[in-house]
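*Asks:* after the sequence you'll find the predicted model.
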Number of protein chains: 2
Amino acid sequence: MIGIDIGGANLKVVDDSGTHIHYCPLWVDAPIAEILRPYAAGASDPAGVVMSGELADCFRNKQEGIAFIVNAVQQVFPRARFYGTDAAFHTGAVPELAAANWLASADYLRRRFPDAVLLDIGSTTADIIPLNQFDDLKGLTDTRRLQKGYLVYCGMLRTSIPTLIQSVDICGVGTPVSTEYFATSADAHLVLGHIGADLYTCDTPDRKEKTMEASLRRLARVVCADLDEIGADGALAVAQRFWDAQRALICDQVLAVARSCGTERIIVAGIGALLFARELGGTDLTSTLGMAADALPAYAVRELARV
Amino acid sequence: MIGIDIGGANLKVVDDSGTHIHYCPLWVDAPIAEILRPYAAGASDPAGVVMSGELADCFRNKQEGIAFIVNAVQQVFPRARFYGTDAAFHTGAVPELAAANWLASADYLRRRFPDAVLLDIGSTTADIIPLNQFDDLKGLTDTRRLQKGYLVYCGMLRTSIPTLIQSVDICGVGTPVSTEYFATSADAHLVLGHIGADLYTCDTPDRKEKTMEASLRRLARVVCADLDEIGADGALAVAQRFWDAQRALICDQVLAVARSCGTERIIVAGIGALLFARELGGTDLTSTLGMAADALPAYAVRELARV
């Protein structure tokens, strides 16, 4: 049995051998079938599939993206079943397939954690899902989830620094930032020690190294500086300011959703699980799901497809 | 006589035949010498050159960028003179060449408008320069200019929408935005009628058309929606919210600089000159410089190099 989650930037697979995460930015190139083919050998059951990659701007609209992704998967798994925002499986490219990956996670976890709020914090986004409201979650689009605070569009790796901060204090002087794509959340989390280079799986903005020094250099550029102009302390200040903003944005929203849904239990998945479980006093799902917590929708749709 | 301004995204030339703007994003490809070569034929005098492209992240640091750009120019114009932040000309790759293009504009214009504040609003940034403080302007780096409010890093074309707005009202519902690079200030200004497709000279984020409909589609994606989910009104709301934020950010800062420098006169250059001259009650330099107002540093360094 195999579970597949095709996002805009990452293609995730969970099968009997474990969790496999492929960096695959669809707007650059979309070799979906090529990536999946090696997994087809041993898989006799139909694959369970979810997606969110239909939003990638290589597609003119979501339906074009859904059709492309379904077609690519079916080249390798002709009997694949695609989970939709109606909480049902489909075999064709219906509109319900748009951005249903978070609902698959909810549908699976609500059986084990019926009263919890789930935070799934990945490379690009944070999904905040009140599992005790499952019936009200069905049919929600990404736009509706943004409005309800169930989708906070920032993540551990791919978020451009100036989308969350407008200025930073450098040596006591307020310094507005450049709006260029010079550094990402991955650079901030790397220099703060939240992730290692092995987890920095997306491209760097400047296509240069994933090292402490290269990340500091990218962060310095956010205030239009060379690293030797503001020093490591200055670049670290950019990272810390970003993290303060991101932490507040996500944690405040998780607590707001928990409050409004009358629950106190928080469970956390995704590559930021450890970090945010600590901040929120929640349960890191890595302790129960292992590496599959980094690919929760793929894991979940695999389990749902078994039924 | 020829004036050249090599930015990160645009290479601008002013010569006897007029103003020539080449979209040339250095981080993608940097065919500086190839672009300049056709201009060398008739130019017997040494070229006057300014730059800001050394900040592009294809270069490890500014000095590497300066050396690259100087070398490329010298291949075509061996006797080129490069204007620096010390308000002097140089023939080699000295550190003073970093981001001196705005100072060349100031150095030229202060003779004609000694008591004015200059706003030069281009594709990427807004330079706000109090011409009556010229001696204090010398030596300012981009970082110092950010701190002093003399550089506001947003522009008419290349600015990613979520760097200036965090949410937008769609049909009465507050809607946080995606932090993805889905749409630019050029899309906002195009759909609002501030620019035509001819002025949309940078690449589109999705590499698709520069039309009203394609821009609306990109703006809808900022709230994770297809255009038919939120309608043209929803996409226009994204554009209007961006423009409100950009207008406030730049105009407030121009007025603050004018106030602190004891001047009331405002002059405006760059591709946003008409728009912002109207907002600020200032003088659009296009009326005196013609098309050269869109390439003010290139025009200015050409004039300065004559002396």
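*Replies:* Done, it's in. Since this is a predicted model, take the numbers as computed values, not measurements.
*Asks:* which SSE is residue A:120 in?
*Replies:* Secondary-structure element containing residue A:120, defined by DSSP states H and E: strand A:116-121.
*Asks:* can I get that strand in CSV, CA atoms only?
*Replies:* Extracted in CSV, the C-alpha atoms of strand A:116-121 (Å, rounded to 0.1, in the frame of the first residue of the first chain):
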residue,chain,number,x,y,z
ALA,A,116,-7.2,17.9,19.5
VAL,A,117,-6.2,20.8,17.3
LEU,A,118,-3.6,19.7,14.7
LEU,A,119,-0.8,21.9,13.6
ASP,A,120,1.0,20.6,10.6
ILE,A,121,4.0,22.9,9.9
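*Asks:* partners of the helix or strand just after that strand, with directions?
*Replies:* Under the assignment DSSP H and E, the closest C-terminal helix or strand after strand A:116-121 is strand A:126-130. Partner strands and pairing direction for strand A:126-130 (DSSP bridges) are strand A:116-121 (antiparallel), strand A:151-152 (antiparallel).
*Asks:* show me the residue at the heart of chain A, geometrically.
*Replies:* residue A:122 (2.9 Å; Cα atoms, centre = their mean).
*Asks:* contacting residues for that one?
*Replies:* Going by Cβ atoms under 8 Å, 6 or more residues apart in numbering or on different chains, residue A:122 touches A:7, A:10, A:155, A:156, A:270, A:271, A:272, A:294. C-beta: built from backbone N, CA, C; applies to glycine.
*Asks:* now with 7 Å?
*Replies:* For residue A:122, the contact set (Cβ atoms under 7 Å, 6 or more residues apart in numbering or on different chains) comprises A:155, A:156, A:270, A:271.
*Asks:* pick the one among these closest to chain B.
*Replies:* Of all those, residue A:155 has the smallest distance to chain B: 8.4 Å, by Cβ to the nearest Cβ.
*Asks:* that closest one is in contact with residue A:188, isn't it?
*Replies:* No. Contact criterion Cβ atoms under 7 Å: residue A:155 and residue A:188 do not qualify, at 11.4 Å.
*Asks:* how about the residues of chain A by chain B?
*Replies:* Proximity of chain A to chain B, by Cβ under 7 Å from any Cβ of the partner chain, involves residues A:55, A:57-58, A:61-62, A:141-143, A:146-147, A:153-154, A:159-160, A:162-163, A:173-179, A:181-182, A:205-206, A:221, A:223-226, A:229-230.
*Asks:* my read: residue A:137 touches residue A:103, true?
*Replies:* Yes. Counting by Cβ under 7 Å, residue A:103 is a contact partner of residue A:137 at 6.0 Å.
*Asks:* the strands paired with strand A:126-130: which one's closest to residue A:40?
*Replies:* strand A:116-121 (27.0 Å; Cβ to Cβ).
*Asks:* state the mean pLDDT of the closest one.
*Replies:* Average pLDDT, strand A:116-121: 98.
*Asks:* only the buried residues of that strand, if you could.
*Replies:* For strand A:116-121, the neighbour count (16 or more other Cβ atoms under 10 Å in any protein chain shown) marks A:116, A:117, A:118, A:119, A:120, A:121 as buried.
*Asks:* now swap in stretch A:153-169 and tell me
*Replies:* A:153-166, A:168.
*Asks:* is it possible to get CSV of the contacts of residue A:122 that adds pLDDT and secondary structure?
*Replies:* Formatted as CSV, those follow (pLDDT from 0 to 100; DSSP: H, G, I helix; E, B strand; the rest coil):
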residue, pLDDT, secondary structure
A:155, 98, coil
A:156, 98, coil
A:270, 97, coil
A:271, 96, coil
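*Asks:* same list (those) but as CSV, adding distance to residue A:200.
*Replies:* Formatted as CSV, these follow (distance: Cβ to Cβ, whole Å):
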residue, distance to residue A:200
A:155, 12
A:156, 9
A:270, 15
A:271, 10
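*Asks:* between these, which is closest to residue B:110?
*Replies:* For those, the nearest to residue B:110 is residue A:155 (46.8 Å; Cβ to Cβ).
*Asks:* how about the nearest residue in space to residue A:221 that is not next to it in sequence, what does it touch?
*Replies:* Using Cβ to Cβ, 6 or more residues apart in numbering or on different chains and skipping residues adjacent in sequence, the residue nearest residue A:221 is residue A:182, 4.2 Å away. By Cβ under 7 Å, 6+ apart, the contact set of residue A:182 is A:205, A:218, A:221, A:222, B:57.
*Asks:* those, buried ones only, as a PyMOL selection?
*Replies:* To isolate the buried subset of the contacts of residue A:182 in PyMOL, counting by 16+ other Cβ under 10 Å, use the following:
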select buried, (chain A and resi 205+218+221+222) or (chain B and resi 57)
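*Asks:* could you dump the contacts of residue A:182 into TSV with secondary structure and pLDDT added?
*Replies:* TSV is the format used below for the contacts of residue A:182 (DSSP: H, G, I helix; E, B strand; the rest coil; pLDDT from 0 to 100):
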residue	secondary structure	pLDDT
A:205	coil	98
A:218	helix	98
A:221	helix	98
A:222	coil	98
B:57	coil	96
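*Asks:* of the contacts of residue A:182, which is the nearest to residue B:51?
*Replies:* residue B:57 (15.2 Å).
*Asks:* in this structure the closest one contacts residue A:207, no?
*Replies:* No. Residue B:57 lies out of contact with residue A:207 (Cβ under 7 Å); the separation is 8.5 Å.
*Asks:* before we move on, the earlier item: mind checking how far the residue nearest to residue A:221 is from residue B:125?
*Replies:* Distance check for residue A:182 against residue B:125: by Cβ to Cβ, to the nearest Å, it reads 13 Å.
*Asks:* likewise residue A:171?
*Replies:* Taken as Cβ to Cβ, the span from residue A:171 to residue B:125 is 23 Å.
*Asks:* who has more neighbours out of the two?
*Replies:* Remark: of residue A:171 and residue B:125, residue B:125 carries more neighbours, 29 against 10, as counted by other Cβ atoms under 10 Å in any protein chain shown.
*Asks:* pretty sure the more buried one contacts residue B:156?
*Replies:* No. At 9.8 Å, residue B:125 does not count as touching residue B:156 under the criterion of Cβ under 7 Å.
*Asks:* look up the pLDDT of the closest residue to residue A:159 other than its chain neighbours for me, please.
*Replies:* Distances taken as Cβ to Cβ, 6+ apart place residue A:185 nearest to residue A:159, at 4.0 Å, with adjacent residues excluded. With respect to pLDDT, residue A:185 scores 98.
*Asks:* likewise residue A:41?
*Replies:* 83.
*Asks:* can you tell me how far it sits from residue A:103?
*Replies:* Residue A:41 is 30 Å from residue A:103, by Cβ to Cβ.
*Asks:* now do residue A:7
*Replies:* 14 Å.
*Asks:* just to revisit the earlier point, between the contacts of residue A:182, which is closest to residue B:34?
*Replies:* Closest to residue B:34, out of all of the contacts of residue A:182 and judged by Cβ to Cβ, is residue B:57, at 21.6 Å.
*Asks:* for that closest one, which non-adjacent residue is closest in space?
*Replies:* In space, residue B:57 is closest to residue A:206, 3.7 Å off (Cβ to Cβ, 6+ apart).
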